[in-house]
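Enquirer: Fold the following.
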Amino acid sequence: MAILIPASFGRLTVPSRGLRVSASANPRTLRRDSVDWVKETSSFFEEDKRPIMLFDGVCNLCNGGVKFVRDHDQNRSIRFEALQSESGKKLLMRSGRAPDDISSVVLVEKDRSYIKSDAVLKIMKYIDLPFPQLAFFLQFSPLFVRDFLYENVADNRYAMFGRSDSCEI
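Expert: A predicted model of the protein is given here:
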């Protein structure tokens, strides 16, 4: 039996006595915004169709990730923007996320956005060999496992890798 819970709802808790679902609505994700963020940010894709990788600009791990992607993207198929920038905040809103949410890398394409491990796998598909092939095999790992690993690193990234005072990219 499968239980599908929309992402905008609360956490799934599993107490020792069995399965219990707590689904508390998050008012921030349920409210209707008066701005059409897809239309508001369409200019980002008018002349340049390449996807945009949003990253935490003060995170040393994230800055290292951007440098790694740049070094392995000979075709320059990805653009970069810090999550903390005004453009980054607008693109976050376009992706259905809060403008101050710096918890995940986000890959924004013209018609779709990816977060967490899905964003990492999609980025891997854009860069040079052997990463697209590696992404192909990793996509068969269950999403909850990939995101669990991603979230553990993301939640501890400042403690493990440090942070800088400003965006280096």
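
Enquirer: Just list the residues touching residue 124, thanks.
Expert: By Cβ atoms under 8 Å, 6 or more residues apart in numbering, the residues touching residue 124 are 131-132, 134-135, 138. To be clear about C-beta, it is placed using only N, CA and C from the backbone, and glycine gets the same treatment.

Enquirer: Separate out the buried members of these.
Expert: Buried subset of the contacts of residue 124 (neighbour count, 16 or more other Cβ atoms under 10 Å): 131, 135.

Enquirer: ranges for the strands of this structure?
Expert: Assigned strands in the chain, in chain order: 12-13, 20-21, 52-55, 79-82, 106-108, 113-115 (criterion: DSSP state E).

Enquirer: Low-confidence ranges, this protein, go.
Expert: Within the chain, the stretches with pLDDT under 70 are 1-33, 168.

Enquirer: show me what contacts the closest residue to residue 56 other than its chain neighbours?
Expert: Spatial nearest neighbour of residue 56, chain neighbours left out: residue 62 (4.4 Å); criterion: Cβ to Cβ, 6 or more residues apart in numbering. Counting by Cβ under 8 Å, 6+ apart, residue 62 makes contact with 55-56, 105, 157.

Enquirer: Same question for residue 43.
Expert: Counting by Cβ under 8 Å, 6+ apart, residue 43 has no contacts.

Enquirer: Same check on the one 3 residues further on?
Expert: Residue 46 is in contact with no residue at all, counting by Cβ under 8 Å, 6+ apart.

Enquirer: any idea how far it is from residue 55?
Expert: 23 Å (Cβ to Cβ, to the nearest Å).

Enquirer: and if you look at residue 102?
Expert: For residue 102 relative to residue 55 (Cβ to Cβ), the value is 9 Å.

Enquirer: on that earlier part again, which among the contacts of residue 62 count as buried?
Expert: Neighbour counting with 16+ other Cβ under 10 Å marks 55-56, 105, 157 as buried within the contacts of residue 62.

Enquirer: Which members of those residues are positioned in helices?
Expert: Members of the buried ones among the contacts of residue 62 lying in helices (criterion: DSSP state H): residue 157.

Enquirer: and which of the buried ones among the contacts of residue 62 is nearest residue 83?
Expert: Nearest to residue 83, judged by Cβ to Cβ, of those is residue 56 at 5.5 Å.
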